[in-house]
Structures are given as C-alpha cells and as structure tokens.
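Peer 1: Please find the sequence and the predicted model below.
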Amino acid sequence: MESSTLLFGLATGIYAVLIIATFYAILTEDTNPTKTMAWLLVLLAVPAVGLILYYAFGYNPRKRRRSSVNYTNFKSEIFAKMPEIIKENTHTHKDKIPDEYLPIANLLEKSNDSNIFYGSDIEVITKGERKFEALIIDLNKARHHIHIEYFYFHKDEIGYRIREILMEKARQGVIVRFIYENIANIDVNPSFYYDMEDAGVKVLAFSKASLPWIRRKLNNRDHRKIVVIDGKTGYTGGMNIGEDYAFKWRDTHLRITGKGVYGLQYNFLHMWYESHGGIPDELEHYFPPSENYSDNLMQVVPEAPNSRYPYLLYASVNIVSNAKRYIYIQTPYYVPPDSLMQALKAAALSGIDVRVMLPSKADLFFMDPAIHSYYEESLSAGIRIYQYKAAFLHAKTLVVDDYLSVIGSTNMDLRSLEINFEINTYIYDEKIGKHNYDIFMKDLESCEEIILEEWLKRPWWKKMVQSVMRLFSPLL
C-alpha cells in the first residue's frame, strides 16, 4: 500500500513538474502572442492532452540552428559541383525589377538564395485536365531525369497512371527521384512505394531518423508540389496528384519552361538532400543552358520552417502594404496571422481594392467556423469577400496592380506561412499580371459576395462557435 502511494506521489510530482516546464517553454517560445495564448488555453483546458499536443505539434524549429547549418552545407556542396556557366545562368537580374518591387525581391532572395530568373515561358493552368494532360506528355518525353515531390499522391486512377509512367521511365534508364509526404499519405500501403523502387525509382519519404524528425513529421509537413523534367520543364502550384485535382476542384498550377525551372530544381535537390538523398554529380544535366522565351522575371521561393525567418509571411505583409490599386486573393483557407490581417485591413481602409475569394465550404469541417470568424472583422474594414460556388476552390494565388502575381502551394494561414514546407512563385510581369486579373474576374461570375449587413444576422450559436474556433485558429 505504501509503495503504491509512493509511486502515485512520484507520478503526480513528475506530472506537475512537466506541466510547469511546459508552461515555461510556451511562455519563452519565440513566437507570436496569439499562438502562445492558444497553447496556454489548450494546456489549461485539457492538461494531459495539451502536453501531448504541444510536444507533438508545438515544436518551433526556427529557434534551432542545426537546419541552418544543413542548408549551408547543402549550398557549399551543390555550388562546388556546379560548372561556372550554370552559376552564370542563375545570376540575379535585379536591374530589371521596378524600384517599387525591389524591396520585395531583396527580401525573398534571402530565403534559401531565391534568385531572380529572366525569360521563362509560363503557362497559368486553371483546369486539372489540362495540367495532367500536359504533365503526362512531358513525363513521357523525359530523357535524363524526372524529379517529383507532392504533398498528396493519391492511390486513384490518376495516381496509378502517373506512377506507371515513372516506373516505365525508370526501366528505360531515366533517373527518377520521388519524394512523398509520409503523414499526408499515411493511408498508402508501403507496397505502393516498394513497387516503384523495384522498377528503379529512387523513393524517399520526407523524414529524418531522430527525435526532432518525429515532431517535424507530425507538424512541419512537406506541402510543396514540384515536378522537374530534364531540368527544362517544371510544374508547381496548388494541384496535387489525384482525381479531385484533375476533374473536380478549381485550382491553379504553372507549367514553366526556361530558367525559372532552375528555382524548382534547386529547391527539390535541397529537399532531397534534407531527406538524406545526397547531391547528384554532373549538375550540368540538371541545370542545362536555356534560351529566353519572354521578358518576365520570376523567383521560386521556399518556405522552410527551419529557416531563421518566415519569409513568405514577411513578403505577404510587404506586398499588401505596398499595393497601390488592388489586391486580389484566392485561397481555400482564410485564417491570416495577425500581422497579415492588420496589413489587409490597413490597405482596405486606405482605399485599396482588397478582395478575397474562398470556397463556399471548406474541405475540412472544423475549418469553416475558423475561417468565418475573420469575416466580420474583414468586411467592417472594407475587405470584400466572395464565396466560390461552382466547385471547391483550392487555388492559392495573389495578383497586385496588374504586375505582381503569386502562385504556389501556400494557403493564407499560419500553418502555410510559418509551419509547413511550401513553395511559391513570384512573377514580375504585366502581361501575366493582367492575365491573372482576368482569371480572378472570370471566377467572380461563379461567386456570391458576402455582405456585412447580412452576415451580422447569422444565429448567435454560430457566432459563439466561430469565436471559440478563432481562439484556436493559430493551431489549425
């Protein structure tokens, strides 16, 4: 009896120490106050569950510098293998950037050396059928290598078709490297990947075999969508591999030819290196010389939560704060961090035409009340909100003043802007800017605008649920 009492007292003491230590860790974490308060609320409301959730999902890699060393090592190794002619091809073109956009370009360049590339051919794709039709043709044309990295790679007809092409190309002697996000694809039987490896595909999970890896796997997800074929053609944007993206959802993707592909290649190889894949030799095959197809400028910019700063969040705030006429946004999740919310409201109150287009219903049931909790605040400041009715809107785009276009994998929420591994393209070009403006205006035809006076009439219980979810929105 005495021993059981002693054990109970010891367990209670350890539990109390752990709770106090966790409170200290949360309070001293270098993060925003809203996120700190959300974690404290969870820990107070459900202490035991809160402990598990915090140590699984509350990890902040920006406080640890080991990954910065990893990037330095990667950069040193890859540049040592690059021929001089390739280094010249990746030289920046800041002199071509208008003065008002130069601060944004400078900021983005600091995120894993995101250079400015000149002269790419860029196709903006808004239909899944077109993306997969073009992708299949390009994959079948591959002669040297295929690099492919997706958040979701579904086991449906589209997924199996793409997998078969990758396997066949590997059998033909093409180098195929494949990175998959292990948590997002947890329902995929390992045999799906073993069959690929048996055919010669080099397969890596987004992971590392260490305790920090366990927490990174759970929280810092690889949300990127990248394809590079022979270093000449690339794909990136919002579409994963699956039938929803091919036939059902409204999404936006890019097909890139030319020097802009270098940015996709560089970031894929970095992720391959991070996943213990090493750096291939003879890099001239991966960064081949390219002609100029246009006069546009673009940066391919990663969000890496193990970098020193959240560059995509800072860039978003910078872009919104410096807009002159309009800011048009498409996103499936509208749960902006405080700094971005304040910038959006300030822009709207200053007379800038700020519009946000969202799906009429989120794909995750708990996201709707969190998203809706931002409507009243936004509408009151003059931000116009539209709900897309024709299909689920999965596009992640921003267009500003008929010039700057942002298209990528990043949602407008804390998870994408600070926690996940993401990839965005920033395109400085009037022609493409006007094209993206036209796409937004065309999509408005399938939207219902949310009017403040009507929104204020929603039932009290909905307001209550939304307010509660607002408290936890930094953790979603």
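Peer 2: Noted; the coordinates are in hand. Numbering: from 1, shown residues only.
Peer 1: how far away is the spatially closest residue to W272 that is not a sequence neighbour from D353?
Peer 2: Among residues not flanking W272 along the chain, R177 sits closest, at 6.1 Å (Cβ to Cβ, 6 or more residues apart in numbering). For glycine as for every other residue, the C-beta is placed from the backbone atoms N, C-alpha and C. Separation of R177 from D353 (Cβ to Cβ, to the nearest Å) stands at 43 Å.
Peer 1: now I186
Peer 2: 42 Å.
Peer 1: now do Y311
Peer 2: 26 Å.
Peer 1: show me where pLDDT drops low in the protein?
Peer 2: 1-19, 21-69, 85-92, 207-219, 466-476 (pLDDT under 70).
Peer 1: where's the residue most central in space within the chain, which helix or strand?
Peer 2: Nearest to the mean C-alpha position of the chain, counting by Cα atoms, centre = their mean, stands E422 at 2.9 Å. Assigned by DSSP states H and E, E422 belongs to strand 422-428.
Peer 1: Just the CA coordinates for that strand, please, in CSV.
Peer 2: Only the C-alpha atoms of strand 422-428 are listed here, as CSV (Å, rounded to 0.1, in the frame of the first residue of the first chain):
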residue,chain,number,x,y,z
GLU,A,422,5.9,25.4,-49.0
ILE,A,423,6.9,26.7,-52.5
ASN,A,424,5.7,29.9,-54.2
THR,A,425,6.4,31.6,-57.5
TYR,A,426,6.6,35.4,-57.6
ILE,A,427,6.2,36.6,-61.1
TYR,A,428,7.0,40.2,-62.1
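Peer 1: So I186 and D353 - more neighbours on which side?
Peer 2: Between I186 and D353, counting by other Cβ atoms under 10 Å, D353 is the more crowded of the two (15 against 7).
Peer 1: From E168, how far off is the closest residue to Y245 other than its chain neighbours?
Peer 2: Using Cβ to Cβ, 6+ apart and skipping the chain neighbours, the partner closest in space to Y245 is M239 (4.2 Å). From M239 across to E168, the span is 22 Å (Cβ to Cβ).
Peer 1: and if you look at D195?
Peer 2: Counting by Cβ to Cβ, the gap from D195 to E168 is 12 Å.
Peer 1: Over to I186?
Peer 2: Distance, I186 to E168, by Cβ to Cβ: 27 Å.
Peer 1: of M239 and E168, who's got more company?
Peer 2: Neighbour count, other Cβ under 10 Å: between M239 and E168, M239 has more, with 27 against 15.
Peer 1: which SS class is the more buried one?
Peer 2: coil (DSSP: H, G, I helix; E, B strand; the rest coil).
Peer 1: List the contacts of it.
Peer 2: 125, 128, 131, 225, 245-246, 251-253, 394 (Cβ atoms under 8 Å, 6 or more residues apart in numbering).
Peer 1: Ok, D244 next?
Peer 2: Counted by Cβ under 8 Å, 6+ apart, D244 has contacts 154, 392.
Peer 1: a strand runs through it, doesn't it?
Peer 2: No: counting by three-state DSSP, D244 falls outside a strand, being helix.
Peer 1: For I371, see how far away it is.
Peer 2: Distance of D244 to I371, computed by Cβ to Cβ: 19 Å.
Peer 1: Equivalent analysis for P305, please.
Peer 2: Distance from P305 to I371, by Cβ to Cβ: 22 Å.
Peer 1: the more surrounded of these two?
Peer 2: Using other Cβ under 10 Å as the criterion, P305 and I371 rank with I371 on top: 25 against 21.
Peer 1: What is the distance between the helix or strand harbouring the more buried one and the centre of its chain?
Peer 2: Element membership of I371 [criterion: DSSP H and E] is helix 367-372. Averaging C-alpha positions (Cα atoms, centre = their mean, to the nearest Å) puts helix 367-372 20 Å from its chain's average.
Peer 1: For the very next helix or strand once past that helix, list every residue counted as buried.
Peer 2: Following helix 367-372 in sequence order, the next helix or strand is helix 375-380 (DSSP H and E). Using 16 or more other Cβ atoms under 10 Å as the test for burial, helix 375-380 gives 375-376, 378-379.
Peer 1: Can you tell me which of those is nearest I78?
Peer 2: Checking those against I78 with Cβ to Cβ, the nearest one is S378 at 42.6 Å.
Peer 1: Pretty sure the closest one sits against L358.
Peer 2: No: if you go by Cβ atoms under 8 Å, S378 and L358 don't touch, sitting 10.7 Å apart.
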